[in-house]
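> Next input, structure requested:
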Amino acid sequence: MAHTVHVLITCEHGGNRIPTRYHSLFAGFEALLHSHRGYDPGALAVARKLARVLDAPLFVSTTSRLLIDLNRSIGHPKLYSEATRDAPAAVRREILDRHYLPYRTAVEAHVAAAIARGSRVIHLASHSFTPVLDGIVRNADIGLLYDPARAGEAELCRRWQARLKSQALELKVRRNYPYTGKSDGFTAFLRRRFPSDLYVGIELEINQKHVLPGGRRWLAMQDIVVGTFHAATIEC
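Take a look at the predicted model:
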């Protein structure tokens, strides 16, 4: 049976907001909130444009990953940050219940409902990465993360990479860089819940060196990323 394609856009690190009730935990961490550690600059703008152009559902969080990281599994050592990991257990549980579980559960339920209706889900999670980490320069403009063992993900990323390269020769587009697509993350979690023929989970990573200057070049890059992804999904 042929499946219709259902595209879903998410953005787990869209902002650096801290709810008022947890402000005291972040005394001394204000600068960290405004760094790449606090959120993914540019990721929310790309996610919103993707959702608008593709007429796709959008799930976003604008609460800082330093409160709790929605792209980490429960039990991961970086689920909580240095600002929250030493908070009382009851406070950490409250943060999990208020901010982590509702988001993750809503996205998982959305995927399950789309599959139940007979769709094949293509889930794109929008992220960005710092140009330099621990003194090492990241050698890419765009990263496409996926599980190489899942043929649908590998094929979609190959098509998307080819389209990006054809439209923007100056951009270095790499697969499974600067992270591996199989490492702990929300897409990795969802792969364990849904079969490879019905769930395709891709993480987009854009180098923040393109985001932070802003302006026309950044807007043009957004259009290229969105347009080429749209074209690649139509072929699915």
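> mind listing what's buried in the longest helix seen in the chain?
Looking across the chain with DSSP state H, the single longest helix is helix 215-234. Going by neighbour count (16 or more other C-beta atoms under 10 Å), the buried part of helix 215-234 is 218, 221, 222, 224, 225, 226, 228, 229, 230, 232, 233. Using the backbone N, CA and C atoms, a C-beta is placed for each residue, glycine as well.
> What sits closest to the second one if chain neighbours are left out?
What that stands for is residue 221. Counting by C-beta to C-beta, 6 or more residues apart in numbering, residue 221 lies nearest to residue 210, which is 5.3 Å off, once chain neighbours are set aside.
> re the thing from before, elements contacting the longest helix of the chain?
helix 43-54, helix 151-167, strand 199-207, helix 208-211 (3 or more C-beta pairs under 8 Å, 6 or more residues apart in numbering; DSSP states H and E).
> let's see it at 6 Å
Contact here means 3 or more C-beta pairs under 6 Å, 6 or more residues apart in numbering; DSSP states H and E; on that basis helix 215-234 packs against helix 43-54, helix 151-167.
> angle of it against helix 151-167?
140 degrees (axes from the mean of the first three to the mean of the last three C-alpha atoms, to 10 degrees).
> And the buried residues of helix 215-234, which is closest to residue 10?
residue 229 (13.8 Å; C-beta to C-beta).
> Longest strand in this protein, please.
What stands out as the longest strand in the chain, according to DSSP state E, is strand 119-129.
> So for stretch 57-74, mean pLDDT?
Averaged over stretch 57-74, pLDDT sits at 98.
> got the buried residues for it?
Neighbour-count burial for stretch 57-74 [16+ other C-beta under 10 Å]: 58-61, 63-72.
> Any chance of CSV for those residues, columns secondary structure?
Formatted as CSV, the buried residues of stretch 57-74 follow (DSSP: H, G, I helix; E, B strand; the rest coil):
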residue, secondary structure
58, strand
59, strand
60, strand
61, coil
63, strand
64, coil
65, coil
66, coil
67, coil
68, coil
69, coil
70, coil
71, coil
72, coil
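> would CSV of those with distance to residue 89 be doable?
Formatted as CSV, those follow (distance: C-beta to C-beta, whole Å):
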residue, distance to residue 89
58, 33
59, 28
60, 28
61, 23
63, 20
64, 21
65, 20
66, 18
67, 16
68, 14
69, 18
70, 20
71, 22
72, 18
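> Looking at these, spot the one nearest residue 92.
Among the buried residues of stretch 57-74, and counting by C-beta to C-beta, the member closest to residue 92 is residue 68, at 8.1 Å.
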